[in-house]
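Visitor: what's the 3D shape of this:
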Amino acid sequence: MGSEKREGELWAQHAALLKTILGLDSEPVGVAFVRDEQHLSRFDAWQPVDGLRYCQALMRARHGERMLLASDGLSCPAAAAAFGFRPLPEGLASGRGLVGFGIVKEAETGRAMFASMPRFAPGEIKALALSPLGEVAITPDVVVIEGPVEALMWVVLADLNLAGGSRRQGDTAVLQATCVDCTVVPYQQDRLNFTFGCYGCREATDLGPYEAVVGFPSGLTAPLTDMLGYLSERAIPQSRAKAAFQRHSSRIAQPTSATAQEAISPFEERHDAQ
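Guide: Residues are numbered from 1 along each chain as shown. Next comes the predicted model:
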């Protein structure tokens, strides 16, 4: 019990730092894949939810709720297929359903989108436990953050630092953005992934027009948080202060001002000197 308490306190610290550094007004979400009855027993105090899409469960966890989403409680057929709960209905697998939604023009385009979609094997997991990261009951498998694009940009930059400068990859079909792009992909490929969202999660949740989604394996949480701490020392506050933009605006407003003409940022000076 003591170790679980310490572990919970650590996740609460990570969640608080992520919210503070990034300026988030909602919670990072921890997602645990429940694999068997013994694992499921650890969530006995959680109330199972029914008739909910995965993206909606994520939304509710983002706003402070804890929920257990069993295979028969997940209402979205595409997400149910992604988690191995049920086969993908033929209407979707053929691509015709996406034509009906106006998402694609040709059924073959929709068929190819679903054919290449990463998924769990049937029966591999039994349920999904979602919680604000600061209140997780056990170590989650994946952490998902929904928030302003600018805030998530810093998470990707932190990941780039951890990768030694290698370019980061955002893998998406602009379909199943929360369930596949930011939950299944990060877990199966053991890496951070990011997406602009999709038709489904934007239609079914409160994800705003200037918000996006990022997901990463829970093991990356501590190093990402540490790197975000480093970025918060200079890069984040300097960028958010928009000093270069302010100088630019001043030059436009007062084009004859010698001070405005001569004032350039240290970044510009460094480039001039090279």
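
Visitor: could I get the contacting residues of the closest residue in space to residue 123 that isn't next to it in sequence?
Guide: Leaving aside its chain neighbours, residue 123 sits nearest to residue 84 (6.2 Å; criterion: CB to CB, 6 or more residues apart in numbering). C-beta: built from backbone N, CA, C; applies to glycine. Residue 84 sits next to 119, 120, 121, 122, 123, 124, 125 when contact means CB atoms under 8 Å, 6 or more residues apart in numbering.

Visitor: how near is residue 84 to residue 170?
Guide: Going from residue 84 to residue 170 by CB to CB, to the nearest Å gives 24 Å.

Visitor: which residues of the protein fall in strands?
Guide: Remark: strands assigned in the chain by DSSP state E are 29-34, 48-49, 67-70, 127-132, 142-148, 193-195, 211-217.

Visitor: which one of those lies nearest to residue 240?
Guide: Nearest to residue 240 among these is strand 142-148 (11.3 Å), distances taken as CB to CB.

Visitor: pull up the pairing partners for that closest one, direction included.
Guide: Next to strand 142-148 in the sheet, as set by DSSP bridges, lie strand 29-34 (antiparallel), strand 211-217 (antiparallel).

Visitor: take the ones you listed and write them to a markdown table, including mean neighbour count, mean pLDDT and distance to residue 239.
Guide: Below are the strands paired with strand 142-148 laid out as a markdown table (neighbours: other CB atoms under 10 Å; pLDDT from 0 to 100; distance: least, CB to CB, whole Å):
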| stretch | mean neighbour count | mean pLDDT | distance to residue 239 |
| --- | --- | --- | --- |
| strand 29-34 | 25 | 96 | 26 |
| strand 211-217 | 23 | 98 | 17 |
